[in-house]
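Asker: coords below, sequence missing:
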């Protein structure tokens, strides 16, 4: 799939070097096709790294996708330059009258805070409410999945005594659902979080269906409204080195009781490096989302999204 991004976005050169097909706006305008419009609300502090991870994950279908990035207006990002944000990001006030085929909301390292104490919570609430009438399908990742489940369905989160950190085995449920089409019965996925939702809270809500879960990490993929809302409690987009970087970062800070990433390093030895064991299913998940819940569901005339049930 050609993902359509700004020609000057730093991730573009890296993606091209990896033989991932990207297209700038000028070339895409010469194609007689309506690209899917996807907006990514990037709440992660490492914005450029997250951009690259997500663009890799979205670049695996023959569909043309027009990518935009959304930043918060109420929170000043500290780990990315103001020039980068100014050049490649927009704000909700600038797009609130527009319609998008898909919205992707990332995680954020704020899971230990009550939702209402997160400084950009009112803005996130506005975006989630707007998504009901202006977006065909919304894909929530990690903390955003917990936040979306709480806002839309009242599902609470619970703080954990020990961080869920590493690569965990999951089982596929409802395997005929298109979102998990092509999944094995058992597959791996990364998690890195200090909070969790309880399986029973999800199962007790008839609007929600768990499509994949883990004995250790809990519900992983949850779907609502026939795919108009999707909640993924882990980080399938993570690169092979991401957990290693988090682990070594926390060790370097001298933090107490730094958790060891489970099931991640070869022979559980950091010196032997991580083993990549989740990317195939991660790519399948994002491809299925774009194909079955965005491309096949979205109307050709974007404004008709507001009529979707």
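Answerer: Now that the structure is in, tell me what you want to look at. The structure presented is a predicted model; accordingly, all values stated were derived computationally and were not measured. Numbers count the residues shown, from 1 in each chain.

Asker: Relative to residue 100, how far out is residue 303?
Answerer: As defined by Cβ to Cβ, to the nearest Å, residue 303 lies at a distance of 11 Å from residue 100. No exception for glycine: its C-beta is placed from N, CA and C like everyone else's.

Asker: Neighbour count: those two, which is higher?
Answerer: Taking residue 303 and residue 100 together and counting by other Cβ atoms under 10 Å, residue 100 has the greater number of neighbours (25 against 10).

Asker: This structure: strands as residue ranges?
Answerer: Shown for the chain, the strands assigned by DSSP state E span residues 3-4, 22-23, 36-41, 65-71, 89-91, 100-105, 135-141, 158-172, 186-196, 208-214, 218-224, 229-232.

Asker: Adding distance to residue 308 and mean pLDDT, write the ones you listed out as TSV.
Answerer: Compiled in TSV, the strands of the chain are given as follows (distance: least, Cβ to Cβ, whole Å; pLDDT from 0 to 100):
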stretch	distance to residue 308	mean pLDDT
strand 3-4	24	62
strand 22-23	28	56
strand 36-41	15	96
strand 65-71	19	94
strand 89-91	23	94
strand 100-105	11	97
strand 135-141	7	97
strand 158-172	27	96
strand 186-196	29	97
strand 208-214	19	98
strand 218-224	13	98
strand 229-232	12	98
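
Asker: What is the burial count for residue 49?
Answerer: As a burial measure, residue 49 scores 17 neighbours (other Cβ under 10 Å).

Asker: Mind pulling up the pLDDT for it?
Answerer: Here, the pLDDT recorded for residue 49 equals 92.

Asker: I'd like the distance between it and residue 281.
Answerer: In this structure, residue 49 lies at 21 Å from residue 281, with Cβ to Cβ as the measure.

Asker: what's the answer for residue 302, then?
Answerer: Remark: distance between residue 302 and residue 281 (Cβ to Cβ) = 31 Å.

Asker: report the longest helix in the protein, please.
Answerer: Identified as the longest helix of the chain according to DSSP state H is helix 121-134.

Asker: pLDDT below threshold where in this structure?
Answerer: Confidence mapping of the chain against pLDDT under 70 gives the ranges 1-5, 15, 18-33.

Asker: now the helices: where do they sit in it?
Answerer: Shown for the chain, the helices assigned by DSSP H span residues 11-17, 25-28, 47-58, 82-88, 92-95, 121-134, 143-153, 199-203, 242-252, 279-288.

Asker: Can you tell me which of the ones you listed is nearest to residue 221?
Answerer: Of all the helices of the chain, the one in closest proximity to residue 221, counting by Cβ to Cβ, is helix 279-288 (7.4 Å).

Asker: Now distance to residue 222 too, for the helices of the chain, in JSON lines please.
Answerer: Supplementary listing: the helices of the chain in JSON lines, determined by distance: least, Cβ to Cβ, whole Å:
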{"stretch": "helix 11-17", "distance to residue 222": "29"}
{"stretch": "helix 25-28", "distance to residue 222": "33"}
{"stretch": "helix 47-58", "distance to residue 222": "19"}
{"stretch": "helix 82-88", "distance to residue 222": "30"}
{"stretch": "helix 92-95", "distance to residue 222": "25"}
{"stretch": "helix 121-134", "distance to residue 222": "15"}
{"stretch": "helix 143-153", "distance to residue 222": "7"}
{"stretch": "helix 199-203", "distance to residue 222": "6"}
{"stretch": "helix 242-252", "distance to residue 222": "23"}
{"stretch": "helix 279-288", "distance to residue 222": "13"}
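
Asker: And those: which comes nearest residue 214?
Answerer: Across those, closest to residue 214 is helix 199-203 (Cβ to Cβ), at 10.0 Å.

Asker: Give me the buried positions along that closest one.
Answerer: Residues 201-202 are the ones in helix 199-203 that count as buried (16 or more other Cβ atoms under 10 Å).

Asker: circling back to that earlier point, could I get the strands of the chain in TSV, plus columns for distance to residue 270?
Answerer: Conversion of the strands of the chain to TSV gives the following (distance: least, Cβ to Cβ, whole Å):
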stretch	distance to residue 270
strand 3-4	33
strand 22-23	33
strand 36-41	31
strand 65-71	33
strand 89-91	35
strand 100-105	31
strand 135-141	26
strand 158-172	12
strand 186-196	16
strand 208-214	23
strand 218-224	25
strand 229-232	27
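
Asker: So which of those strands is nearest residue 12?
Answerer: Shortest distance between residue 12 and those, using Cβ to Cβ, is found for strand 22-23: 5.5 Å.

Asker: so residue 265 sits right up against residue 277, yeah?
Answerer: No. Taking contacts as Cβ atoms under 8 Å, residue 265 lies outside contact range of residue 277: 11.2 Å.

Asker: Number of residues surrounding the nearest residue to residue 234 once chain neighbours are set aside?
Answerer: By the measure of Cβ to Cβ, 6 or more residues apart in numbering, the closest residue to residue 234 outside its immediate chain neighbours is residue 191, 4.3 Å from it. Using other Cβ under 10 Å, residue 191 has 26 neighbouring residues.
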